[in-house]
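Novice: Fold the stuff below for me.
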Amino acid sequence: MIPPVTEPAHHEASSRPTRLIVWLLVLSLALRLAIAWAPLEWLLRHVLADDSFYYFTIARNFVHGHGFSFDTLAETNGFHPLWMIMLLPIYSLIEDRTLAIHAALTVSALVDTASLVVIFRLLGEIGAAMFVRTVAVVLYGLAPVLFSHAGPMNGMETSVNMLLIFAYLLQYWRILRLERFNRPSALLFGFVSGLLILARTDNIVLIGVTCGLMPTIVESGRRTFPLLATAGLTATLVVAPWIIWSFHNFGTIVQVSGVSVPFMIKSELHEVGWTAVDYLIQFCRNLASIITFFPVHLRDTRILSPSTLAIAAVLLLFTFSAIGSLRNKGGQAVGMTIRYVTVLLMAAVSFVFVHTLRAVYMRGWYYMSIIPICIIVSAILLHYVIDHNPQQKQRLLIIFSLILFYAIAAPTLFETKHGETDKFRMVHAMNSLLAEGSRVGSGNAGVYGYFFEKGIVVGLDGLVNNAAYEHIRSARLEDYCRKVRVGYMVDPVAAFARTARYWDEKQLNPISAMEIIHMELGRTRQDSIALGQIRYDLRK
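Specialist: Take a look at the predicted model:
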């Protein structure tokens, strides 16, 4: 068996948490619970993404007997199943819409705090010093990203996804450390992998890269392949019910949420002449943008902003210091750790590459799947820096860097944010102005669908509407709206122009044939939200 990176007695690598770690866990949980029970208006401004309301609405409709449907008209596979399953008990017990949100976020808070325990355990097994594990717990436990739509308190699958990625990295390390891959570890590894796919199906990229490289770094050589097959079979059995249900109902195992918006984005980019070079440039931008999420989340997402450049400079100095320390190290344990780090970095790069090809632009919560890798790799490198330079000034320098990172991120916590509040005000107007039984179409339908009480809201972007996606592909969205009797539309003014591309063969803006009922004024006219009645007769 390979020992830890360094001797535990010398580097405090005890499996028992210190009092400081316990207090950090308590503080982290309290912070998350405070967010979970913050007023709804604050949540809409700061943490709840519109997509989270797709989850909430589908879960509510399911327990009311409508199946996995956002609009109660037809079922959809446009969601990640594990978080949806976790929401069902909440909506079966709680009728109040706002209280159910608080309950769902409470679950997220508990799950995300559990991630801190796994971080501590994983770094302990790797042999990281207690100081290093404390830094890692601080970075994740008190992360500014908690106060954003991308973070683990955003009401989506993010918290569950983060926990399972950390758990997967822990199981992967245990297999590498033991230098043997036996049947019990294969079964457990497969079970965790299956849950990870159910948490976010794009995690199959992380799993594919790490498992594909495992035979090259595990000493058991060829015997790894049958055990990987055992793990793969176990993962398949875990995922099978979702695959069978999706294929039976929709003829595909691919979620419509993963293809609809990317189809529209890529169609528009191809029309303006995007080439492979443009995709390569965007891939580099997506990679560089990781720095806006780690080590702290930045509101300013410009890669060359003063904030990102300052953080990049600190990280580069830190990386060079870690590389210098590694040159003075040797031995089998260090070699295994380096291979572990290399595999994780390759998995992260592959994840960004696949998403660039699939969707071009990466949304905030996509980056969160890479954060566990960033934390673990950074902690390992930090361990070597501290190990090579054990003087107290090295720890003080790390503490100063943390303070600098948080100081850079702090202003974003106090900025005025609108979030989803404009939509929330509009849905109140909809409840006042529209008649009972109204059907409203929207390209960003989450908040509207959850809080609209007079009828149903139909998603027209295809994220949670498989039938709408098929009509988007053929530019017959108007036919779909007629078919399901959509009488009204609500969206930002700018969004209607985009919808026109898929509305009919003439590509006429739907707003041109609408009788505007209400406008929720935004910062500009294009940001303003328009609610109008569709006059199909004017389209002829």
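Novice: Could you report the pLDDT at the closest residue to residue 61 other than its chain neighbours?
Specialist: Nearest non-adjacent residue to residue 61, counting by Cβ to Cβ, 6 or more residues apart in numbering: residue 69, 5.2 Å away. In short, each C-beta sits where N, CA and C put it, glycine included. On pLDDT, residue 69 comes in at 96.
Novice: Distance of residue 69 relative to residue 78?
Specialist: According to Cβ to Cβ, to the nearest Å, residue 69 stands 10 Å off from residue 78.
Novice: same deal with residue 187?
Specialist: Counting by Cβ to Cβ - residue 187 and residue 78 are separated by 31 Å.
Novice: what about these two, which has more around it?
Specialist: With neighbours defined as other Cβ atoms under 10 Å, residue 187 and residue 78 compare such that residue 78 has more, 25 against 15.
Novice: List the contacts of that one.
Specialist: Applying Cβ atoms under 8 Å, 6 or more residues apart in numbering to residue 78 gives the contacts 54, 70, 255-257, 260, 462-466.
Novice: And residue 114, by the same measure?
Specialist: Residue 114 neighbours (Cβ under 8 Å, 6+ apart): residue 163.
Novice: just residue 147 next, same as before
Specialist: 35, 46-47, 412-413 are the contacts of residue 147 under Cβ under 8 Å, 6+ apart.
Novice: Ranking by neighbours, what's the top pick from those residues?
Specialist: Taking other Cβ under 10 Å as the neighbour criterion, residue 47 ranks highest of these with 27 neighbours.
Novice: Give me the neighbour count for the residue lying closest to that one once chain neighbours are set aside.
Specialist: The spatial neighbour of residue 47 that comes closest, neighbours along the chain excluded (Cβ to Cβ, 6+ apart), is residue 153 at 5.1 Å. Each residue near residue 153 was counted by other Cβ under 10 Å, and the total is 27.
Novice: Residue 153: what's it in contact with?
Specialist: Here residue 153 is in contact with 32, 35-36, 47, 105, 108-109, 112, 146, 159 (Cβ under 8 Å, 6+ apart).
Novice: mind showing which ranges of the protein have poor pLDDT?
Specialist: 1-15, 178-181, 218-223, 299-301, 324-333, 387-391, 393, 507, 537-540 (pLDDT under 70).
Novice: Where do the domain boundaries of it fall?
Specialist: 14-46+77-413, 421-539 (automatic domain parsing).
Novice: just to revisit the earlier point, gap between the residue nearest to residue 47 and residue 43?
Specialist: 9 Å.
Novice: Give the burial count for residue 476, as a bare number.
Specialist: Residue 476, neighbours per other Cβ under 10 Å, totals 17.
Novice: Pull the contacting residues for the residue nearest to it when sequence neighbours are not counted.
Specialist: Excluding the flanking residues, the one nearest residue 476 by Cβ to Cβ, 6+ apart is residue 504, at 6.8 Å. Listed by Cβ under 8 Å, 6+ apart, the contact set of residue 504 reads 475-479, 539.
Novice: mind listing the strands in the stretch 401-540 of the chain by residue range?
Specialist: 438-442, 455-459, 488-492, 514-520, 529-534 (DSSP state E, counting those that start in this stretch).
Novice: nearest to residue 208, of those?
Specialist: For the strands of the stretch 401-540 of the chain, proximity to residue 208 was assessed by Cβ to Cβ; strand 455-459 is nearest, at 30.5 Å.
Novice: And for the closest one, what's in contact with it?
Specialist: So strand 455-459 is in contact with 54, 70-73, 434, 436-443, 445, 448-449, 465, 468, 481, 484, 486, 490, going by Cβ under 8 Å, 6+ apart.
Novice: which among those end up buried?
Specialist: Neighbour-count burial (16 or more other Cβ atoms under 10 Å) is assigned, among those, to 54, 70-73, 434, 438-443, 445, 448-449, 465, 468, 481, 484, 486, 490.
Novice: Just those: which are in helices?
Specialist: 54, 448-449, 468, 481 (DSSP state H).
Novice: On the three-state scheme, the residue nearest to residue 47 is what?
Specialist: Following DSSP: H, G, I helix; E, B strand; the rest coil, residue 153 is assigned to coil.
Novice: picking that back up, anything in contact with each of residue 153 and residue 43?
Specialist: 35, 105.
Novice: Save the domains of the chain as TSV, and put in distance to residue 60 too.
Specialist: Shown next, in TSV, are these (distance: least, Cβ to Cβ, whole Å):
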stretch	distance to residue 60
domain 14-46+77-413	5
domain 421-539	8
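Novice: hang on, the earlier thing: any idea how far the residue nearest to residue 476 is from residue 479?
Specialist: 8 Å.
Novice: do the same with residue 241
Specialist: 34 Å.
Novice: do residue 208 as well
Specialist: From residue 208 to residue 479 the distance is 39 Å (Cβ to Cβ).
Novice: do the same with residue 70
Specialist: Distance, residue 70 to residue 479, by Cβ to Cβ: 20 Å.
Novice: How about residue 89?
Specialist: For residue 89 relative to residue 479 (Cβ to Cβ), the value is 39 Å.
Novice: what sits against the residue nearest in space to the middle of the chain?
Specialist: Centrality entry for the chain: nearest residue to the mean C-alpha point is residue 365, 2.9 Å, by Cα atoms, centre = their mean. Contact analysis of residue 365 by Cβ under 8 Å, 6+ apart lists 49, 149-150, 154, 156, 158.
Novice: Filter those down to the ones in helices?
Specialist: Judged by DSSP H, the contacts of residue 365 include residue 158 as members of helices.
Novice: from the contacts of residue 365, which is closest to residue 134?
Specialist: Closest to residue 134, out of all of the contacts of residue 365 and judged by Cβ to Cβ, is residue 158, at 24.0 Å.
Novice: burial measure for the residue lying closest to that closest one once chain neighbours are set aside, as a count.
Specialist: Distances taken as Cβ to Cβ, 6+ apart place residue 152 nearest to residue 158, at 4.6 Å, with adjacent residues excluded. The local packing of residue 152 (other Cβ under 10 Å) involves 31 other residues.
Novice: how close does residue 152 get to residue 418?
Specialist: Distance from residue 152 to residue 418, by Cβ to Cβ: 22 Å.
Novice: likewise residue 490?
Specialist: 17 Å.
Novice: rewinding a little: to residue 302, which of the strands of the stretch 401-540 of the chain lies closest?
Specialist: Across the strands of the stretch 401-540 of the chain, closest to residue 302 is strand 488-492 (Cβ to Cβ), at 23.3 Å.
Novice: and that closest one, what other elements does it pack with?
Specialist: strand 438-442, strand 529-534 (3 or more Cβ pairs under 8 Å, 6 or more residues apart in numbering; DSSP states H and E).
Novice: partners of that strand in the sheet?
Specialist: If you go by DSSP bridges, strand 488-492 pairs up with strand 438-442 (parallel), strand 529-534 (antiparallel).
Novice: Present these as a markdown table; the columns should include distance to residue 245.
Specialist: Formatted as a markdown table, those follow (distance: least, Cβ to Cβ, whole Å):
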| stretch | distance to residue 245 |
| --- | --- |
| strand 438-442 | 27 |
| strand 529-534 | 34 |
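Novice: List just the one of these that sits closest to residue 177.
Specialist: When those are compared by Cβ to Cβ, strand 438-442 sits nearest residue 177, at 50.7 Å.
Novice: how many degrees apart are that closest one and strand 455-459 in direction?
Specialist: 20 degrees (axes from the mean of the first three to the mean of the last three Cα atoms, to 10 degrees).
Novice: and strand 438-442, how far from the chain's centre?
Specialist: Relative to the centre of its chain, strand 438-442 is centred 28 Å away, using Cα atoms, centre = their mean, to the nearest Å.
Novice: Tell me where the stretch 251-400 of the chain has helices.
Specialist: For the stretch 251-400 of the chain, helices defined by DSSP state H, counting those that start in this stretch occupy the ranges 260-271, 276-288, 306-327, 332-359, 364-367, 371-388, 392-413.
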